[in-house]
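>>> For reference, the sequence and a predicted model appear below.
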Amino acid sequence: MIYRRDLTKLLSVMDILLLEQLDDRSFNIVGDVPKWFLCFYDLNVSEHKQLYPERLFNFLEDFIEKNQPFWNTEHDEFEKRDSCWWTEVDRNHKAHYLQAFAVSYKDKKYLIIDHATNTSEIFTFLQKYKETMVEFETPVYEDNSSADDTNYLQGLSLVDHVTGLHNKKAFFLLAQHQKDMAKRKELSMLIIMLDINNISLIKEKYGDSEVNAALVTTANILKKTFRSTDVIGKLEDNTFGILSLEVANKGEKIIFSRLKKNLEIHNKKSFKTYRIDFNVGFIMYDSNYAGTFQESIKVASFRLNENKKSGKIL
């Protein structure tokens, strides 16, 4: 039999932080505190202190709020909801890759934060494809002498701080990984380029703060539509990229139908005086595609621009 103290010790050894939510929505640290967490929070490991993790990691604010109804519902079996992976930079300017899980069992509410170490698989492929990121970011990094530093990748910020999605650097790193996986397993991958229609009018009428609100709304709609295994990134000021692996023949119709449904649900419930509509360009990338992966990205972007010019929205 595994006792609670043994389980919490095991989680600590695995670099996993276990938090229990209290009635005031603060969290109590359960068990030992992983060393990586101390890089963010000055905590006496001999004490169990209450904290608000969303104040420590801004990314968690929406995740914690969104899961309150889930936590407040009793479950006879263990149930969980997971976030995407995101990046945080600690007080020593070192990057950490994290993922959160909301877990509920009967009247217990837990928040679990997983931590990818430098020896983990996810950091391995990030290191492996550092050159890919540099290739895509050549205009930005061509004069940066630190690009060859072995610690360079870990110092990068891989998250867009407006939406909480992967930023352009992270998107193309993960895109290369997905592309290699698709090729190795002979899978099809849907590449989507998307932006918000008439974003300039929103800016002109309501200002930059409302533009940011529209970007966050779009990010939430995309996260609701696509799987946690899909890659979603904010690439430019108003452009999002999505890579969806293992898409069946004509599967894009199902995906776009689901995206359109979630978009319509938002517009019906929104109290805003404007609608959010999407311009979309896409391409199916598989073993039969004659061009390179970089060319397929350009094709999807070209189709997005053509649809914008013609006024075609999702």
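That came through, no problem.
>>> Just the terminal-to-terminal distance for stretch 306-314.
Stretch 306-314 stretches 13 Å from its first residue to its last (C-alpha to C-alpha, to the nearest Å).
>>> what comes into contact with that stretch?
Residues outside stretch 306-314 that contact it (C-beta atoms under 8 Å, 6 or more residues apart in numbering) are Leu194, Asp195, Asn197, Phe256, Leu259, Lys260, Leu263, Asp277, Phe278, Asn279, Val280, Gly281. C-beta: built from backbone N, CA, C; applies to glycine.
>>> Stretch 183-193 too?
178-179, 181-182, 235, 239-249, 251-252, 255, 280-287, 296-297, 300-301, 303-304.
>>> Go again with 6 Å.
For stretch 183-193, the external contacting residues (C-beta atoms under 6 Å, 6 or more residues apart in numbering) are 182, 241-247, 252, 281-287, 296, 300-301, 304.
>>> Next step: those restricted to strands.
Gly241, Ile242, Leu243, Ser244, Leu245, Gly281, Phe282, Ile283, Met284, Tyr285 (DSSP state E).
>>> Closest to His166 out of those?
Gly241 (8.8 Å; C-beta to C-beta).
>>> and that closest one, how far is that from Ile297?
Between Gly241 and Ile297 the distance, using C-beta to C-beta, to the nearest Å, works out to 8 Å.
>>> Ok, Asp24 next?
Separation of Asp24 from Ile297 (C-beta to C-beta) stands at 47 Å.
>>> and what of Glu65?
From Glu65 across to Ile297, the span is 34 Å (C-beta to C-beta).
>>> more neighbours, the two?
In this comparison of Glu65 against Ile297, neighbours counted by other C-beta atoms under 10 Å, the higher total goes to Ile297 at 23 against 11.
>>> give the contact list for that one.
Counting by C-beta under 6 Å, 6+ apart, Ile297 has no contacts.
>>> With Phe70 instead?
If a contact means C-beta under 6 Å, 6+ apart, then Phe70 has Arg81, Ala102 as its contacts.
>>> in whatever helix or strand it lives in, what's buried?
Secondary-structure element containing Phe70, defined by DSSP states H and E: helix 68-71. By neighbour count, with 16 or more other C-beta atoms under 10 Å as the criterion, the buried positions of helix 68-71 are Trp71.
>>> average pLDDT across it?
Across helix 68-71, pLDDT averages out at 92.
>>> What is the most widely separated pair among the ones in strands among the contacts of stretch 183-193?
When those are compared pair by pair using C-beta to C-beta, the two farthest from each other are Leu245 and Gly281, 18.6 Å apart.
>>> Now do Asn72: how many residues are near it, please.
Applying other C-beta under 10 Å, I find that Asn72 has 11 neighbouring residues.
>>> going forward, begin numbering at 40 instead of 1
Done: numbering now begins at 40, and the last item shifts to Asn111.
>>> partners of the closest residue to it other than its chain neighbours in the sheet?
In space, Asn111 comes closest to Lys148 once its chain neighbours are excluded; the distance is 8.0 Å by C-beta to C-beta, 6 or more residues apart in numbering. On DSSP bridges, the residues paired with Lys148 through beta bridges are Ser143.
>>> Would you map the strands across the stretch 190-339 of the chain?
228-235, 270-273, 278-284, 317-324 (DSSP state E, counting those that start in this stretch).
>>> starting at the chain centroid, how far to the last one?
Here strand 317-324 shows a centroid-to-chain-centroid distance of 19 Å under the convention C-alpha atoms, centre = their mean, to the nearest Å.
>>> Tell me which strands that strand pairs with, and in which orientation.
strand 228-235 (antiparallel).
>>> the inter-axis angle of the partner strand versus strand 278-284?
Using axes from the mean of the first three to the mean of the last three C-alpha atoms, to 10 degrees, one finds that strand 228-235 and strand 278-284 are set 160 degrees apart in direction.
>>> quick one: average pLDDT of strand 228-235?
Per-residue confidence for strand 228-235 averages out to 93 on the pLDDT scale.
>>> Also stretch 130-146?
Looking at stretch 130-146 alone, the average pLDDT works out to 82.
>>> now it, how far from the centre of its chain.
In terms of C-alpha atoms, centre = their mean, the centre of stretch 130-146 is found 13 Å from the chain centre.
>>> neighbouring contacts of it?
Identification of contacts with stretch 130-146 by C-beta under 6 Å, 6+ apart yields 99, 102, 106, 109-110, 113-114, 117-122, 124-128, 149, 151-155, 161, 193.
>>> Buried among those? Make that a ChimeraX selection.
To isolate the buried subset of the contacts of stretch 130-146 in ChimeraX, counting by 16+ other C-beta under 10 Å, use the following:
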select :99,102,106,110,122,124,125,126,127,128,149,151,152,153,154,155,193
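>>> who touches the host helix or strand of Leu58?
Leu58 belongs to strand 56-60 when assigned by DSSP H and E. Counting by C-beta under 6 Å, 6+ apart, the neighbours of strand 56-60 from elsewhere in the structure are 47, 50, 66-70, 73, 76, 148-152.
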